[in-house]
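generate coordinates for the sequence data below:
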Amino acid sequence: MPMMLGFSQHRAGMLQEELDRMIQELPQLGVRRCILLNPLYPGSIEVDTSLKLVMVLDDDRPFVRRPDFFYGHLWPRVAVEFIHLTPEEFDAVEPFDTELGRAIRRGEVVYDA
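Got it, this is the predicted structure:
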């Protein structure tokens, strides 16, 4: 699909603004760490690029229900994919050679309490 001239920079700016806004909300939500899994630089942005975030937070809900917490509290204005891990799950996943473990190690820590 053809994109308008300058779209990548515009979309990157929108994604960065939304990320910055959400980061401001994380302390009161009890988030321990937030890791951005995908880069937001021009050239890496497509029409359907979303924010891909690993959120580390204590939670006793089933894994598949946890992202609902962030959609309900942060009300994202752009597409966001939340992967919500407990601290114990994060420690168990991060060091291993799995797709998620590699993505976490390559990602950018954007918030650390």
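
other residues contacting the lowest-mean-pLDDT helix or strand in the chain?
Within the chain, judged by mean pLDDT, DSSP states H and E, the helix or strand with the poorest mean is helix 7-29; its value is a mean of 90. With C-beta atoms under 8 Å, 6 or more residues apart in numbering as the contact definition, helix 7-29 has outside contacts at 34, 36, 40-43, 45-47, 49-51, 57, 69-70, 73-74, 76-78, 80, 110-111, 113. To be clear about C-beta, it is placed using only N, CA and C from the backbone, and glycine gets the same treatment.

in contact with the closest residue to residue 113 other than its chain neighbours, which residues?
Among residues not flanking residue 113 along the chain, residue 32 sits closest, at 5.0 Å (C-beta to C-beta, 6 or more residues apart in numbering). Under the criterion of C-beta under 8 Å, 6+ apart, the contact list for residue 32 reads 56, 57, 58, 87, 112, 113.

now, the contacts of helix 7-29 that are in strands?
34, 36, 51, 80, 110, 111 (DSSP state E).

just give me how far the host helix or strand of residue 91 sits from the chain centre.
Taking DSSP states H and E as the criterion, the element that holds residue 91 is helix 87-93. Here the centre of mass of C-alpha atoms in helix 87-93, compared against the chain's by C-alpha atoms, centre = their mean, to the nearest Å, lies 16 Å away.
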